[in-house]
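1. Predicted structure and sequence below. I'll ask about it afterward.
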Amino acid sequence: MDKSLDEIIATRPRGIRRSNPRRQSGKAQVLGNAGTPPATRARAVPASNGAKTVPATATQQPADKIIVSNLPPDVNEMQVKELFHSTVGPLKDVTLHYDAQGRSKGVAAVHFQRRGDGTKAFQQYNNRLIDGS
């Protein structure tokens, strides 16, 4: 005998949610597994009209990539490359993000060749004015 949809819904246990076993919950993705120590987080303090950097990873491991934000719209990839290459170390790649109209979003990903240079750049430039303007 076939059950009606109302009967199927009524017999289904309440409060149990279906989950995908391959996918972690949002809380587990942010906080990590209970068996691992919690990751330390960098505290971002708003900068006043200056570029600020955020490490791509929130752990204490040496980073080789940073995200630079709050860049003026007239800054290009070459200027970002020149700054970090001359003050921190050799780079693998610099990617400046653009909107659909081709204008800079004021965000760049800077990938260093040496592990630890990202951490060095973060410590050197986080929440600081770079150009002074």
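-> That came through, no problem. The structure displayed is predicted, hence computed values, not measured ones. Residues are numbered from 1 along each chain as shown.
2. Kindly check the end-to-end length of stretch 68-75 for me.
-> 12 Å (Cα to Cα, to the nearest Å).
3. list the buried ones in that stretch?
-> 68-71, 75 (16 or more other Cβ atoms under 10 Å). In short, each C-beta sits where N, CA and C put it, glycine included.
4. Which two among those are spaced furthest apart?
-> The two members of these with the most space between them (Cβ to Cβ) are 69 and 75, at 11.5 Å.
5. list residues touching both of the two?
-> residue 106 (Cβ atoms under 8 Å, 6 or more residues apart in numbering).
6. can you give me the helices in the protein?
-> 5-11, 26-31, 77-87, 117-125 (DSSP state H).
7. Below-threshold pLDDT in the chain: ranges please.
-> 1, 12-60, 131-133 (pLDDT under 70).
8. Going along the chain, name the strands of the protein.
-> 52-55, 65-69, 91-98, 104-112 (DSSP state E).
9. Tell me the strands beside the longest one, with direction?
-> In this case it means strand 104-112. Neighbouring strands of strand 104-112 in its sheet, by DSSP bridges, are strand 65-69 (antiparallel), strand 91-98 (antiparallel).
10. Just the buried residues of it, please?
-> For strand 104-112, by 16+ other Cβ under 10 Å, it's 104, 107-108, 110-112.
11. What residues sit buried inside stretch 118-131?
-> Buried, per 16+ other Cβ under 10 Å, within stretch 118-131: 118-122, 125-127, 130.
12. about what we covered before: what would the strands of the chain look like in TSV with distance to residue 79?
-> Converted to TSV, the strands of the chain look like this (distance: least, Cβ to Cβ, whole Å):
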stretch	distance to residue 79
strand 52-55	15
strand 65-69	11
strand 91-98	9
strand 104-112	10
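13. Excluding chain neighbours, what is closest to residue 69?
-> residue 107 (4.9 Å; Cβ to Cβ, 6 or more residues apart in numbering).
14. same deal with residue 112?
-> residue 64 is the one closest to residue 112 (Cβ to Cβ, 6+ apart), at 4.8 Å.
15. Thanks again, I'm all set now.
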